[in-house]
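Q: Starting from these lines, generate the structure:
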Amino acid sequence: MWLGHRLVELGRKDMHSYAPGVPVAELIVMEDLLRNAPTSIGPVAERTGYAQSRVSTAVTALSARGWVDVAPDPRDRRRTLVRIPAEIEAAATELRSGTEARTLALILDELPEERSAAILKALEELLDVLQQAGVADAGRPPAADG
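A: Okay, here's the model as predicted:
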């Protein structure tokens, strides 16, 4: 458990370096939206473990930043539907694609190359096992409270 928490912490630190001043809750909500948009507030709250009010506040802030679009759900006008503009999704995808590599480089940088290679191989095998067991979501850990 400690290993997972530590890796998530390092990944968040990397994300924060590209979004200084953005609260962690907003980054977690944004990560969930990148995986699940368009969606409404309730399912985001369920997936992240945050209260609906906290997700709503984060979505409002993300909308003010121009990172998400918010509109009434056409099927149920009482619900809010959150979408990510195509240009924001493309930029986030590009940024996210290097997060794992940057985090691992930070951790393994001081180790001899042979040991780094062995650790990377073991991590890839662990990821394969987790994916086969249905635990890993396309190689990305689920969002956690923060």
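Q: Pretty sure G42 sits in a helix.
A: Yes - membership of G42 in a helix is supported by DSSP: H, G, I helix; E, B strand; the rest coil.
Q: so who does it touch?
A: By C-beta atoms under 8 Å, 6 or more residues apart in numbering, G42 lies in contact with Q52, R79. Quick note: C-beta positions are derived from backbone N, CA and C, even for glycine.
Q: Phi first, then psi, for A19.
A: When read as degrees, to the nearest 10, the backbone of A19 gives phi -140, psi 60.
Q: er, Y50 I mean
A: Torsion angles, degrees, to the nearest 10, at Y50: phi -80, psi 150.
Q: What is the neighbour count of it?
A: Applying other C-beta atoms under 10 Å, we find 22 residues neighbouring Y50.
Q: I'd like to know how far the residue nearest the centre of the chain sits from E87.
A: Nearest to the geometric centre of the chain sits E31, at 3.2 Å (C-alpha atoms, centre = their mean). Separation of E31 from E87 (C-beta to C-beta, to the nearest Å): 18 Å.
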